[in-house]
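K.L.:
fold the following, please.
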Amino acid sequence: MVVRVPVNMRIVVTSSNRFDCILLYNGDVSLNNILVSQSGDHVGIVDWECTVVVPFWCSCQMPQFLDGHVLVPRGFQPPNIQAYSSMKFYEEKLQAYELTRLRYLFIEEMGRQCPEWTPLWLTKIVQASYT
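P.N.:
I've put the predicted structure just below:
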């Protein structure tokens with residue numbers, strides 16, 4: 001049986017010789033799955049049932065807990081607790097600020113640790129939409 005592959009799908013199925021490695025990938029790294037000690041040290045990650053082996057390009061994604069957050073501009077200062085009448089609203093703003101800082105740190109660190117990650121992450125939309 002012959003099946004026509006759409007032009008944009010060929011990007012996904014075509015091997016990119018440089019990135020033929022496969023990686024263990026956990027797509028369920030949320031804030032609830034990261035264990036941290038009382039002193040703030042990373043202890044571990046739970047809920048590994050969503051772990052799969054994927055090609056390198058497919059693993060070039062933002063961790064779930066950092067994905068989808070609105071980025072605050074660089075240089076933005078953390079919220080001042082006195083400016084908010086509700087502690088809950090302050091905590092939400094503080095979490096948004098901290099997640100933004102973590103997202104920038106993650107992108108910078110991935111650029112240092114694996115320079116191939118950033119360009120693939122920036123162009124992964126077409127490929128990841130087929131997974």
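K.L.:
from Ile34, how far off is the closest residue to Ser37 other than its chain neighbours?
P.N.:
The shortest distance from Ser37 to any non-neighbouring residue, by Cβ to Cβ, 6 or more residues apart in numbering, is to Val43 (5.3 Å). For the C-beta atoms, the positions are set from N, CA and C on the backbone; glycine is no exception. Applying Cβ to Cβ, to the nearest Å, the value for Val43 to Ile34 is 9 Å.
K.L.:
and the lengthiest helix in the chain, which residues are buried?
P.N.:
In the chain, taking DSSP state H as the definition, the longest helix is helix 87-113. For helix 87-113, burial by neighbour count (16 or more other Cβ atoms under 10 Å) applies to 90, 93, 96, 99-100, 103, 110.
K.L.:
would you turn those residues into a markdown table with distance to Leu66 and pLDDT?
P.N.:
Below are the buried residues of helix 87-113 laid out as a markdown table (distance: Cβ to Cβ, whole Å; pLDDT from 0 to 100):
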| residue | distance to Leu66 | pLDDT |
| --- | --- | --- |
| Tyr90 | 21 | 78 |
| Lys93 | 17 | 78 |
| Ala96 | 12 | 82 |
| Leu99 | 6 | 88 |
| Thr100 | 9 | 85 |
| Arg103 | 5 | 88 |
| Met110 | 11 | 90 |
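K.L.:
all strands for the protein, in order.
P.N.:
22-26, 34-36, 42-45, 51-55 (DSSP state E).
K.L.:
got any ranges where the protein has weak pLDDT?
P.N.:
1-20, 68-74, 76, 79, 81, 124-131 (pLDDT under 70).
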